[in-house]
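Asks: have a look at this prediction, sequence included:
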Amino acid sequence: MREGTHMKVLVSDPLAKEGLAILKAESGIEVIEKTGMSEEELLAAIKGCEAIIVRSETKVTRKVIEAADSLKVIGRAGVGLDNVDVVAASERGIVAMNTPGGNTVSAAEHTCALLLALSRNVPQAHASMKAGEWNRKKFKGVEVRGKTLGVVGLGRIGTDVAARMRGFGMEVVGYDPYVSAEMAERHGIKKVELDELFAKSDYITLHVPVTDQTRGLINEAAIAKMKKSVRIINVARGGIIDEAALAKAVEAGKVAGAALDVYEKEPPTGSPVLACDKIVLTPHLGASTEEAQITVAVEMAGQVIDALKHEVYRNAVNAPMIEPERRERIAPYMALGEKLGSMLAQLFDGPIKTLSVEYIGEQLSEGTEPVTVAVVKGLLEPVLVENVNYVNAPFLARSRGITVSDAQSAEKSDFLNLLRVCAASDDESHAVEGTLFGRREPMIVGIDGFHVDAEPRGALLVCFQADGPGIIGKLGTILGRAGVNIAAMTLGRSAKGGEALGVLNLDSPAPADALEKIAKVDEIECVKQVIL
């Protein structure tokens, strides 16, 4: 990737001519345009290419990545990277990047368009007119002025939608566990808890990523908490809404209507939403505007040039390049740091204000900046719409008012090297500690001052509890009835019969009803499910 080197860039999906022009004008870059290829054709075309630029059609699978003999960069001219095997790319040292801000305006405008079309029955009335009918009474709509809009996810698109709909006279409430009330207020949004948003909102629009925490967020139980005649819009990601539950609620009249641009499966063949006249549907058009396609093409062209010629990686979603001599030493601690950050994020109910990373031990005495960034990345990744990576994690933390600090410590420890991560919100604080066994295997060895030995992998239950007999049996019974197997468990306590903390590794995540039952066990003060 030296400047002046002749490098090939394969463009395998249609890219706006403005982006292609930038690539073709760059010295030392050869652009190869081949779109609509089969997998076998792609396997041949990728050979000898230093970069590939895709949109949503091309699938950059592990097989494709393994066939590439010169690939350094995979660029997606768009937000998601669902069609790229990022794990396989990372294993090969290939940088995967996208253009997360390029479609903000388009997605926000499409959300507003669907909201208004839903309110005035525009698609249904249009179809009726095309069928030769004139039925004004059937398609009487509602005004949005004076109604309450609930925005779930207050990232760039969510706040953009809020600003536009406030212009229509709507009141806006929002839910985002990692945005402070002050920051929401700056966008004219009153921050509330999710159940309160469900109860107050006349319209609910979703702007969150699909994670283990958000998958099926809008389900039968959530809909039961909503106002009668609520209207729901989703231009974010398929899978956030349980489509069967939504269709059932629309047919029953609990939900007045919905507007969807994304689906659990795309195309949504066989989905019950297709049969509901009161559900407005579009085929994933959130980013499909001329302006958005030009923006992402231009941005990606610049990013690929910077990566290939200057080794500057913008909007990379996987690990940045680390010098070979440091990679072997630092990579396991970066992985540990991400786990600890992610665990902390899931222990909190409110927005974190401060984060501190403490390094204890000789192995962690220098060059730890990437580990701190990894902790921040892990902290933010479970809850943000934006793609969090090692490039933007510090900026995203600052933009959300999180103060990050790190320091070396001369403290003596029972472990050769110890990573301690502490965080605090206005109402609570938590600390987690981790180390490496055999220099490679990460372990959680402390939570809030309690010594534990827990593997940071899969689903974990963290139980703040009183020490006493029979508690594990109660938890085992509840989980067993829910079909969840306990793979391992560890318990730390302050004193016999005193405060204690238990960590259970589960073979599969515990369902919500099981968590509710565990929380009602007399000895349990609080239970959190953490997915790592």
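Replies: Ah, there it is.
Asks: and the residue nearest in space to the middle of the chain, what pLDDT?
Replies: Nearest to the geometric centre of the chain sits residue 209, at 4.0 Å (Cα atoms, centre = their mean). pLDDT, residue 209: 83.
Asks: by contact count, what packs against the lengthiest helix in the chain?
Replies: Ranked by number of residues, the top helix in the chain under DSSP state H is helix 324-347. Applying 3 or more Cβ pairs under 8 Å, 6 or more residues apart in numbering; DSSP states H and E, we find helix 324-347 packed against strand 354-361, helix 369-380, strand 417-424, strand 429-437, strand 441-447, strand 524-531. In this view, the C-beta of every residue, glycine as well, is placed from N, C-alpha and C.
Asks: got the CA coordinates for the helix or strand that the shortest one is followed by in PDB?
Replies: So the one you mean is strand 441-447. With elements assigned by DSSP states H and E, the helix or strand that comes after strand 441-447 is strand 450-454. This file holds the C-alpha atoms of strand 450-454, laid out as PDB (Å, rounded to 0.1, in the frame of the first residue of the first chain):
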ATOM      1  CA  PHE A 450     -16.400  -9.500  44.600                       C
ATOM      2  CA  HIS A 451     -13.900 -12.100  43.500                       C
ATOM      3  CA  VAL A 452     -15.300 -14.400  40.700                       C
ATOM      4  CA  ASP A 453     -14.000 -16.700  38.000                       C
ATOM      5  CA  ALA A 454     -16.200 -16.400  35.000                       C
END
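Asks: which element follows strand 450-454 toward the C-terminus?
Replies: Next along from strand 450-454, by DSSP H and E: strand 459-466.
Asks: quick check: angle from that next one to strand 524-531?
Replies: 170 degrees (axes from the mean of the first three to the mean of the last three Cα atoms, to 10 degrees).
Asks: low-confidence ranges, the stretch 401-532 of the chain, go.
Replies: 439 (pLDDT under 70).
Asks: that older thread, quick one: the longest helix of the chain to strand 450-454, angle?
Replies: 120 degrees.
Asks: next, the buried residues of helix 324-347.
Replies: 330-347 (16 or more other Cβ atoms under 10 Å).
Asks: show the average pLDDT along that helix.
Replies: Helix 324-347 comes out at a mean pLDDT of 86.
Asks: make 38 the starting number, not 1.
Replies: Taking 38 as the first residue, the last one we looked at is helix 361-384.
Asks: how far out from the middle of the chain is the host helix or strand of residue 443?
Replies: Assigned by DSSP H and E, residue 443 belongs to strand 440-446. With Cα atoms, centre = their mean, to the nearest Å as the basis, strand 440-446 stands 26 Å off its chain's centre.
Asks: likewise stretch 209-228?
Replies: 18 Å.
Asks: which residues sit against that stretch?
Replies: By Cβ atoms under 8 Å, 6 or more residues apart in numbering, the list of residues contacting stretch 209-228 from outside reads 185-192, 195-196, 199-200, 202-203, 208, 229-231, 233-234, 237-238, 382, 385-390, 417, 420-421, 437-438.
Asks: which of the residues you listed count as buried?
Replies: Applying 16+ other Cβ under 10 Å to the contacts of stretch 209-228 flags 185-192, 195-196, 199, 202, 208, 229, 234, 237-238, 382, 385, 388-389, 417, 420-421, 437 as buried.
Asks: circling back to that earlier point, closest one to residue 351 among the helices and strands packed on helix 361-384?
Replies: helix 406-417 (15.2 Å; Cβ to Cβ).
Asks: for the helix or strand that that closest one is followed by, output the C-alpha coordinates as PDB.
Replies: Remark: after helix 406-417, the chain's next helix or strand is helix 430-436, criterion DSSP H and E. Extracted in PDB, the C-alpha atoms of helix 430-436 (Å, rounded to 0.1, in the frame of the first residue of the first chain):
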ATOM      1  CA  ALA A 430     -15.000   5.000  19.600                       C
ATOM      2  CA  PRO A 431     -13.200   7.900  21.400                       C
ATOM      3  CA  PHE A 432     -15.100  10.500  19.400                       C
ATOM      4  CA  LEU A 433     -18.500   8.800  20.100                       C
ATOM      5  CA  ALA A 434     -17.700   8.600  23.800                       C
ATOM      6  CA  ARG A 435     -16.900  12.300  23.900                       C
ATOM      7  CA  SER A 436     -20.000  13.200  21.900                       C
END
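Asks: packing partners for helix 430-436?
Replies: helix 406-417, strand 440-446.
Asks: please identify the deepest-packed of these.
Replies: helix 406-417 (a mean of 25; mean count of other Cβ atoms under 10 Å).
Asks: distance from the chain centre to it, please.
Replies: 16 Å.
Asks: between it and helix 361-384, how big is the angle?
Replies: Going by the same axes, to 10 degrees, helix 406-417 makes 30 degrees with helix 361-384.
Asks: residues in contact with helix 406-417: which ones?
Replies: Contacts of helix 406-417 (Cβ under 8 Å, 6+ apart): 215, 357, 359, 367, 370-382, 389, 392, 394, 396, 401, 425-427, 430-431, 433-434, 437, 439, 441, 443, 456, 458, 460.
Asks: in stretch 553-567, what counts as buried?
Replies: 554, 555, 558, 561, 564, 565, 566, 567.
Asks: give the contact list for the closest residue to the first one other than its chain neighbours.
Replies: Same thing as residue 554. For residue 554, ignoring the flanking residues on the chain, the nearest one in space by Cβ to Cβ, 6 or more residues apart in numbering is residue 515 at 4.9 Å. Counting by Cβ under 8 Å, 6+ apart, residue 515 touches 551, 554, 555, 558.
Asks: export the residues you listed as JSON lines, with columns for distance to residue 137 and secondary structure.
Replies: Putting the contacts of residue 515 into JSON lines (distance: Cβ to Cβ, whole Å; DSSP: H, G, I helix; E, B strand; the rest coil) gives the following:
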{"residue": "551", "distance to residue 137": "35", "secondary structure": "helix"}
{"residue": "554", "distance to residue 137": "39", "secondary structure": "helix"}
{"residue": "555", "distance to residue 137": "37", "secondary structure": "helix"}
{"residue": "558", "distance to residue 137": "42", "secondary structure": "coil"}
